[in-house]
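**Q** Take a look and give me a structure for this.
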Amino acid sequence: MPGGRLTQQERQQIALGLADGLAYAEIARRLDRPTSTITREVMRNGGPTAYRADLAHRATERRTRRRRQTPPQGSEPAPQLHGRDAEAVREYEEVFTTVLMASGMPKMMSRVMACLTLTDAGSLTASELVQRLQVSPASISKAIAFLESQGFVRRERDERRRERYVVDDDIWYQSMIASARSLAQVIETARQGVGILGPDTPAGARLENTARFLGFVSESTIRAAEQAREVLHTKPETPSGATAEPSSGRG
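**A** The predicted model follows:
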């Protein structure tokens, strides 16, 4: 399997594959590359609908130059537990951040959310976030305020009275419920439109069908989230003969 950075020709093949509607795994197979490499390449360069081979190649060259010219501010990279590959973790965090951005979350909020999610403890202090992300305390404060307003993080005090920002196991459940319930106003407004435009008119019928569709989706989402909630609290099984490692108080 070839190693090293993607070539411009490989990026052109990725763009052609995306245009043909191929899955990442199929593009990776044709290039003899790991699927994660293709996923990371596409998501960090605009996503499947906006990926451009020439722009992606130039962006990679710029990132490479910046890394060579700018020495790291931290003296040591964050230690990795459980024998993880530090570079693989860093690259995955970048992919995860890009996916959150593609879903509509602002960049700094996505970086903080990814950083918190990928720590084993699921919590970090402001100073730890500043050190890990190499940004200002003000940027962290603004990002936390946004994430907290959306219900993605909460604050708590640790034994040293430091404020920690926590990502709970339930955040995606809460997010799904909030998203489903937010459709209620759209549904109600659509049904008001039916009365104003007339149920027998094309526009009125369109609004009625919209309300029925969103109502079904909302109810189904809430029901599915309730039924699947326990999955978020399922602990991984320890392989036979293996000893579970003690949990760390920090990620």
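
**Q** Can you list the low-confidence ranges for the stretch 101-250 of the chain?
**A** Regions of the stretch 101-250 of the chain meeting the criterion pLDDT under 70 cover residues 236-250.

**Q** As a check, name the ranges of all strands in it.
**A** Secondary structure of the stretch 101-250 of the chain (DSSP state E, counting those that start in this stretch): strands at 123-125, 154-157, 163-166.

**Q** how about these in TSV, adding distance to residue 202 and mean neighbour count?
**A** Every C-beta, even on glycine, is put in place using the N, C-alpha and C of the backbone. As requested, the strands of the stretch 101-250 of the chain are exported to TSV (distance: least, Cβ to Cβ, whole Å; neighbours: other Cβ atoms under 10 Å):
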stretch	distance to residue 202	mean neighbour count
strand 123-125	53	20
strand 154-157	47	11
strand 163-166	50	17
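
**Q** Doesn't residue 9 belong to a helix?
**A** Yes - according to DSSP: H, G, I helix; E, B strand; the rest coil, residue 9 belongs to a helix.

**Q** Now do it, the pLDDT please.
**A** As summarised for this prediction, residue 9 has a pLDDT of 91.

**Q** How many residues are close by it?
**A** Number of residues near residue 9 (other Cβ atoms under 10 Å) recorded here: 11.

**Q** looking at the strands of the stretch 101-250 of the chain, which is closest to residue 222?
**A** Distances from residue 222 to each of the strands of the stretch 101-250 of the chain were compared by Cβ to Cβ, and the smallest falls on strand 154-157, at 21.8 Å.

**Q** How far does that closest one sit from its chain's centre?
**A** 22 Å (Cα atoms, centre = their mean, to the nearest Å).

**Q** Now tell me what touches that strand from outside.
**A** Residues external to strand 154-157 that are found in contact with it (Cβ atoms under 8 Å, 6 or more residues apart in numbering): 123, 144, 148, 163, 164, 165, 166, 168.

**Q** With respect to residue 24, which of those residues is nearest?
**A** For residue 24, the nearest member of those is residue 168. The distance, counting by Cβ to Cβ, is 30.2 Å.
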